[in-house]
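A.B. asks: Quick one, structure for this:
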Amino acid sequence: MDTKQLEYIIAVEEEKSISRAAERLFITPSALSQQLKNLETELNTRLFVRSRHGMSLTPEGNLYLSGAKAMLAVKNQALEKIRFLEQDRNQVISIALNRNFHTFFRTYIESEFENRFPYIGLQPGLVADTSAKEEVLKGNADIGFIIASGVTASSLESIPLQREPLHLAFPRRIAESLPPGYSFESLVKALEPLGYLSAPLAMIRNADRYYLRCAGLDPETLCYATSYSNLRKLLNRQFAYGVIPAGFIDKTDTFAHVPIRPAAYFTLEIVFGSSLYMTPEIRELILMFLRIFDRDAGGKSMLEALEHG
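C.D. replies: Next up is the predicted model:
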């Protein structure tokens, strides 16, 4: 059925006049009358009656009108979705990534997303460790991936991917030298003569030093670990202390460790502008990250993926 006939019956019912409806539809009154006659013939029923008040619907016409409006609504919704899809075909999602996230993105996300949404362009931008949030704030990127120090800008929103408590790791002999039930303060004092093994990712080194100072330590860096796996190996040599996410500590490790105080966390986050229009494709991109980080035992493996460039 020609959907124009549906538009014709709606126009006639609303205008109560063939001539006014024809003017609104940009056709001649005779052409409109013929279209209505054809439709009534097709349906084998009368849709309108004429009266001194104009054109009015028959009971059958009222029933047909409600169906016509529903059918046109479905058509218009479909057309709107098609127009939106055509606009999306030219969409590019820009993503701010540091070197570690860039490797992770290429390995776990890019090809799967492009297979599912071949009409969307992904534009991953490699930025300095601390610049992803700034790139989103400036409008140079739609999405940024950061190891968080806390998102404070009101124009940004964030979604945590992973949150790991930070532990203070130290030689086991230090724990054995302290009395049972020792306080965190006495542990801090015992660690003062030792050197500090710095975190592998530049973006969290300053944060770790801040947490240590809050705990009462003024760390003197002996060396910088190249990865958290490397940091574990150094800590297991029992000559210095360091800060490590709990998810990286293995039951085979020989060093002692306690949660750092005040409590602190290693947090991976997605950040994006509050005004970002969340298209289905952008939402799915974010969900892909969330699903990967939510896999069983995924947290540790994802952290390992991030630390290797």
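A.B. asks: from here on, contacts and neighbour counts on C-alpha atoms
C.D. replies: Will do.
A.B. asks: any weak-confidence spans in the stretch 1-150 of the chain?
C.D. replies: 1-2, 81-90, 100, 128-130, 148-150 (pLDDT under 70).
A.B. asks: hmm, 50 instead?
C.D. replies: Within the stretch 1-150 of the chain, the segments meeting pLDDT under 50 span 149-150.
A.B. asks: show me the contacts for residue 239.
C.D. replies: 171, 194, 195 (CA atoms under 8 Å, 6 or more residues apart in numbering).
A.B. asks: Of those, which belong to strands?
C.D. replies: residue 195 (DSSP state E).
A.B. asks: Tell me which stretches of this structure form strands.
C.D. replies: 48-51, 54-57, 92-97, 121-126, 143-147, 156-170, 195-198, 221-224, 240-245, 256-259, 265-273.
A.B. asks: which residues make contact with stretch 167-177 from outside it?
C.D. replies: So stretch 167-177 is contacted by 187, 190-191, 235-246, 254-260 (CA under 8 Å, 6+ apart).
A.B. asks: So which other helices or strands are in contact with the longest helix anywhere in the chain?
C.D. replies: Longest helix in the chain by number of residues (criterion: DSSP state H): helix 59-88. With contacts taken as 3 or more CA pairs under 8 Å, 6 or more residues apart in numbering; DSSP states H and E, helix 59-88 sits against helix 3-15.
A.B. asks: quick one: buried residues of the helix it packs on?
C.D. replies: 5, 6, 7, 8, 9, 10, 11, 12, 13, 15 (16 or more other CA atoms under 10 Å).
A.B. asks: What of stretch 188-205?
C.D. replies: 188, 191, 194, 195, 196, 197, 198, 199, 200, 201, 203, 204.
A.B. asks: Redo the strands of the chain as TSV? Include distance to residue 78.
C.D. replies: Below are these laid out as TSV (distance: least, CA to CA, whole Å):
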stretch	distance to residue 78
strand 48-51	29
strand 54-57	28
strand 92-97	23
strand 121-126	24
strand 143-147	29
strand 156-170	32
strand 195-198	57
strand 221-224	57
strand 240-245	49
strand 256-259	55
strand 265-273	29
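A.B. asks: Distance of residue 249 relative to residue 76?
C.D. replies: For residue 249, the distance to residue 76 (CA to CA, to the nearest Å) stands at 57 Å.
A.B. asks: All set now, cheers.
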